[in-house]
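Asks: Show me the folded form of this:
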Amino acid sequence: MVDGDLFGVHKSTVCRIVSRVSKAIAVLKSQYIRFEPRRETTAEFYGRAGFPGVIGAIDCTHIPITNPGGENGELFRNRKGYCSINVQVVCDDQAQITHVVARWLGSTHDNRIFDNSQLCALLERGEIRGHLVGDNGYACRPYLMTPFEPSDPGRKKLQLLSHSNKRGNRVFGVWKRRFPCIQEGLRTKLDTTLTIIVAVAVLYNFGKRVGDELPEEDEHPLEDDLADAQVQNAGNANGNAVRRTLIENHFAA
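Replies: Below you'll find the predicted structure:
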């Protein structure tokens with residue numbers, strides 16, 4: 001622990017302080033991270049990309065961790081070869097985090113994380129109306145629009161969907177530059193690691209709200225997120241039908 005070395009504090013003391021402070025911040029999650037679809041969000045996404053009914057952009061990013069060991073330790077190893085927590089995030093038109101799930105092992109696919117989230121259940125039951133936009137790491141559904149596969153002849157009419165979803169990558173870039181610990185990797189106990197991830201998400205939104213000057217976004221999307229976008233998932237029939245209708249009504253040549 002660098003701080004411990006600088007101030008002559010024992011490593012175990014630093015770990016306890018980090019854990020306690022992170023918990024105190026993370027409990028503010030419901031106050032600073034809330035998924036509340038707003039007309040302003042829908043209007044902003046429409047103004048930027050011409051895509052109607054968008055209530056947020058969804059994506060996942062890998063937070064590096066040390067191998068926690070044990071019989072399930074290798075399940076944290078992602079397809080890039082390092083151990084991580086795969087974190088699901090939804091952001092709005094103001095690049096604020098409106099939803100975060102930080103508990104899944106690095107080997108877990110983005111689509112599975114969404115399938116098992118409370119947000120998916122609310123959308124499935126129609127308790128939240130509108131569309132999330134995501135990359136091809138997700139299956140196309142009536143409430144989650146994804147780009148066409150490259151071979152689809154109608155892909156050009158929905159290419160702006162990809163531009164809408166890039167906001168998620170930009171948020172990841174700024175978030176990780178603001179809090180290098182989630183870029184370089186966390187070496188704390190697993191429970192503390194999950195708490196820290198939520199805590200820095202809370203701090204990110206807090207900074208946005210008080211006008212804290214955040215670092216500029218990366219010029220290029222994160223490599224991990226670009227790679228995830230190459231994973232193709234078959235959409236369900238209803239999702240494909242909704243996407244086709246949106247194209248015919250809003251993107252017709």
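
Asks: what are the ranges of the helices in the protein?
Replies: With DSSP state H as the criterion, the chain has helices at 2-7, 11-26, 29-32, 39-49, 110-115, 118-124, 159-178, 181-184, 190-209, 223-228, 237-250.

Asks: Quick test: name the residue nearest the centre of this structure.
Replies: residue 89 (2.4 Å; C-alpha atoms, centre = their mean).

Asks: Relative to residue 130, which of the helices of the chain is closest?
Replies: In terms of C-beta to C-beta, the element of these nearest to residue 130 is helix 39-49, at 6.7 Å. For glycine as for every other residue, the C-beta is placed from the backbone atoms N, C-alpha and C.

Asks: ok so, going back, let's have the helices of the chain in JSON lines, adding mean neighbour count and mean pLDDT.
Replies: Converted to JSON lines, the helices of the chain look like this (neighbours: other C-beta atoms under 10 Å; pLDDT from 0 to 100):
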{"stretch": "helix 2-7", "mean neighbour count": "10", "mean pLDDT": "50"}
{"stretch": "helix 11-26", "mean neighbour count": "15", "mean pLDDT": "90"}
{"stretch": "helix 29-32", "mean neighbour count": "13", "mean pLDDT": "96"}
{"stretch": "helix 39-49", "mean neighbour count": "16", "mean pLDDT": "83"}
{"stretch": "helix 110-115", "mean neighbour count": "18", "mean pLDDT": "95"}
{"stretch": "helix 118-124", "mean neighbour count": "15", "mean pLDDT": "95"}
{"stretch": "helix 159-178", "mean neighbour count": "21", "mean pLDDT": "70"}
{"stretch": "helix 181-184", "mean neighbour count": "17", "mean pLDDT": "95"}
{"stretch": "helix 190-209", "mean neighbour count": "20", "mean pLDDT": "96"}
{"stretch": "helix 223-228", "mean neighbour count": "17", "mean pLDDT": "46"}
{"stretch": "helix 237-250", "mean neighbour count": "15", "mean pLDDT": "72"}
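
Asks: and those helices as CSV, adding distance to residue 130?
Replies: Shown next, in CSV, are the helices of the chain (distance: least, C-beta to C-beta, whole Å):
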stretch, distance to residue 130
helix 2-7, 43
helix 11-26, 28
helix 29-32, 21
helix 39-49, 7
helix 110-115, 15
helix 118-124, 8
helix 159-178, 13
helix 181-184, 29
helix 190-209, 21
helix 223-228, 23
helix 237-250, 12
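
Asks: looking at these, which is closest to residue 100?
Replies: The closest of those to residue 100 is helix 190-209. By C-beta to C-beta, the value is 4.8 Å.

Asks: Alright, calling it a day.
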